[in-house]
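Student: structure for the following, please:
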Amino acid sequence: MSSGGKDQTVGYRYYLGLHLALCAGPVDAILQVRAGDRAAWTGTQTGSGSLSINAPELFGGEAREGGLVGTLDVMMGEAAQTANAYLTAQQGTPQPAYRGILGLVWRGGMIAANNPYVKPWKVKARRILQGWQGGTAWYSAKASITLANGDQAANPAHIVYECLTNAEWGMGYSTGQIDAASFTAAADTFHGEGLGLCLAWTRQTSIEAFVQLVMDHAGAVCGQDRTTGLFVLRPIRGGYSVPALPLFDPSNVLALDSYQRAATVEATNELSVTFTDLATGKTGAVTVQNLAQINAQGGPVSASRAYPGLPTAELAQRIALRDLRSLSTPIARVKMRVNREAYAVLPGDMIRMTWTKLGIVDLALRVLTVDLGTLTDSAITIEAAEDVFGLPSTTYTAQQPSGWTDPAQPPVAVTARLVEEASWYELQRQLSAADLSVLPNDAGFLAIVAARPAAGSLNASAVTRFGASGPFAETDVVDFCPTATLAGALGPAATSATITAEVDLDLVAAGGYAIIGGVEVVRIDTINITTGAVTLGRGVLDTVAASHAAGARVLFASGYVSSDGIERVDGDLVQAKLLTRTGLGTLAESSAPTDAVTFDQRHYRPYPPGQFRLNGQAYPAALTGTLTVSWRHRDRTVQNLEGDESGNIGPETGVKYEIRIYDHGMNTLLQTHGNLNTTSHILAAIASPYTLRVELWSDRSGIASRQKHVHVFTYTP
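Tutor: Predicted structure coming up:
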């Protein structure tokens, strides 16, 4: 019987828009897109652009679960990347550009048939040369290692180098803190061994743990050389001359705490290593055996180790053989306390030991741990093992992207900042007593204080130059200080205030100091971060109490003063910029404002006097009759954060005081009183009424205090 020609629904196709945020970008290339563990697209996409995917039979076609058909936008996350048109059309504006993130946008194409559930997607990406600061990978000639299957993997030395120096997600050390020779030699070794790794750091562990994971794969150690302070990378390999190794014997060994050699029956003779197959993305395993040991022990003694960064079975076998060699050999282990001759010994170093009582002559040992002891115990404790750790190669594997979305925003310029010459107080804190004692009177250092300009700002790179021309050079990383603004005006006699617009205020502790308006240093006596109420010590360090308008910027500088570390001299002009760093990059130098500082012997200048009074009054509006100016001694060399309210401190040797009286309206000098060494002075009679201006400051052999007390009032004889 006829059905009458009526169409019949036999299933549904499903269409969906997707936005996948994969990892930090850009990357070298997108190599494969998989869905439902099947390859939907394979190729080499090296930049942002669109891919056409036409795989309608990927999941069995319309008879089963359909496939993928549509357009996939690749967003590498370049610095100039613009907002995706599809996302803008669907979500409206403003639309983030998602710079610094490798992302994919599926433009509403078919994702399945007969099954409304999205298949798991996987993306194979390679990142070896991209993403480096400055755009060029360090030692790029050896960064990429070609594997036996033709794929590319990363050199472990380059992985560690970037982890140490990357300021966005790594440890942020400068390249000057890296021992370039050791890292270059290690990179050459790994490249020659074909030891490439494929790993993804998902931030579920610390960056230090990730670096150690790379070292475990590579059979290497990375640490700071105590003699230079530089990070050193050492592959644990052979190729050394035993007679040339540092010798430890009864002449420099204070005590041999233990010497043990493992019994054969305790040795592992079979080892299984798991790895991540780069071709399939699946976990694989290889097993190696020491047949001689199995025969000697009467059966296998098994162990297993996981190396997720190994991308091929061939590399996994080589690493397994490396590890089995150490596990199956009854090696000697030594713990000894030695004298200070071992001050430079680091884990991974080779030494030799001679101990005739045990019949040991020139035993080559690999240092495992070093304990430098305490200040009262000069002994250095070394644990070492007989060296059998030479290895042929290691690798680094790419894990499934985490889907983590970086909340960081593009960097913006630092607006709340202060770049000036460092004070005597800060030099006391940051220089050793020996260095401070020989610092010339006309020398100085730069001081930088800056507050976080926007949420997501991590820190800022300080770049400076001498003079007003020439290139800027990176000199320091500036940690952002807490900041706020004054809720109301603050007079010079006030000791309490309310602050608002706080940023990072929970980091402020009473007892430190802040800088108001870039001119006055105040001591923070109490602070309530809930109400914004603060009590202050006014006119601290080399400043005097001043008037500040509502909205004046307060920088809580204690513990947050940075410097380029370069000694300058009186008259030097230095320019500085602060390049904000966020998870999406570093502010362009051209977008950062320039600050200029002319050095003027700040640290050498005497402090201005404290407790400035006129006829015993603080900042009177009007006075009559005889005028008496009084003050208190202050001494930069002995005081700390005592402010204007303090009694006499000092005076500093050679300090005198100067007073000037002006007709303020005409700016005419009426009286001069100099070379005073008391704490008060009666002015000569003034016959006419004036609006007077009194100025008071300290002087030492022609070197005036950095600031002076200035007060204007009406006077009647």
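Student: make it CA atoms for all contacts and neighbour counts henceforth
Tutor: Fine.
Student: tell me the helix or strand right after the lowest-mean-pLDDT helix or strand in the chain.
Tutor: Least confident helix or strand, the chain: strand 585-586 with a mean of 69, by mean pLDDT, DSSP states H and E. Sequence-wise, the next helix or strand downstream of strand 585-586 (DSSP states H and E) is strand 595-598.
Student: which SS class is the residue most central in space within the chain?
Tutor: When C-alpha atoms, centre = their mean is applied to the chain, the residue found nearest the centroid is Gly172 (3.6 Å). Following DSSP: H, G, I helix; E, B strand; the rest coil, Gly172 is assigned to coil.
Student: enumerate every residue touching it.
Tutor: Leu164, Thr165, Asn166 (C-alpha atoms under 8 Å, 6 or more residues apart in numbering).
Student: would you turn these into TSV with pLDDT?
Tutor: Formatted as TSV, these follow (pLDDT from 0 to 100):
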residue	pLDDT
Leu164	94
Thr165	92
Asn166	89
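Student: identify, from the residues you listed, the entry nearest to Gly100.
Tutor: The closest of the contacts of Gly172 to Gly100 turns out to be Asn166 (C-alpha to C-alpha; 13.4 Å).
Student: now do the closest one: how many residues are near it, please.
Tutor: Other residues lying near Asn166 total 18 when counted by other C-alpha atoms under 10 Å.
Student: re earlier: out of the contacts of Gly172, which are inside helices?
Tutor: Leu164, Thr165 (DSSP state H).
Student: from the contacts of Gly172, pick the one nearest Glu208.
Tutor: The closest of those, once distances to Glu208 are taken by C-alpha to C-alpha, is Leu164, at 9.1 Å.
Student: any idea what the nearest residue to Ala342 once chain neighbours are set aside is bridged to?
Tutor: Counting by C-alpha to C-alpha, 6 or more residues apart in numbering, Ala342 lies nearest to Ile380, which is 7.0 Å off, once chain neighbours are set aside. Beta-bridge partners of Ile380, counted by DSSP bridges, are Val338.
Student: so what pLDDT did Ile380 get?
Tutor: What the model reports as pLDDT for Ile380 is 92.
Student: one more: the one 3 residues further on?
Tutor: As predicted, Glu383 sits at a pLDDT of 94.
Student: surely Cys481 touches Ile448?
Tutor: No - Cys481 is beyond contact range of Ile448, at 10.4 Å (criterion: C-alpha atoms under 8 Å).
Student: which one of the two has more residues nearby?
Tutor: Taking neighbours as other C-alpha under 10 Å, Cys481 and Ile448 compare with Cys481 leading, 25 against 22.
Student: need the contact list for that one.
Tutor: By C-alpha under 8 Å, 6+ apart, Cys481 lies in contact with Val449, Ala450, Ala451, Arg452, Asp504, Leu555, Phe556, Ala557, Tyr560.
Student: ranking those by neighbours, who comes first?
Tutor: Of these, with other C-alpha under 10 Å as the count, Phe556 tops at 30 neighbours.
Student: please, which helix or strand holds His191?
Tutor: helix 180-193.
Student: and Leu669, by the same measure?
Tutor: strand 668-676.
Student: partner strands of the helix or strand following that strand, with direction?
Tutor: Once strand 668-676 ends, the next helix or strand along the chain (criterion: DSSP H and E) is strand 680-682. Using DSSP bridges, strand 680-682 pairs in its sheet with strand 628-632 (antiparallel).
Student: name the residues of the partner strand that are buried.
Tutor: Across strand 628-632, burial judged by 16 or more other C-alpha atoms under 10 Å covers Val629, Ser630, Trp631, Arg632.
Student: try stretch 604-617
Tutor: Tyr604, Arg605, Pro606, Tyr607, Pro608, Pro609, Gly610, Gln611, Phe612, Arg613, Leu614, Asn615.
Student: over to stretch 163-176?
Tutor: Buried-residue list, stretch 163-176, by 16+ other C-alpha under 10 Å: Cys163, Leu164, Thr165, Asn166, Ala167, Glu168, Trp169, Gly170, Tyr173, Thr175.
Student: please identify the pairing partners of the strand holding Leu669 and their relative orientation?
Tutor: Short version: by DSSP bridges, strand 668-676 pairs with strand 655-663 (antiparallel).
Student: so for the partner strand, mean pLDDT?
Tutor: 96.
Student: got any ranges where the stretch 101-250 of the chain has weak pLDDT?
Tutor: 133-135 (pLDDT under 70).
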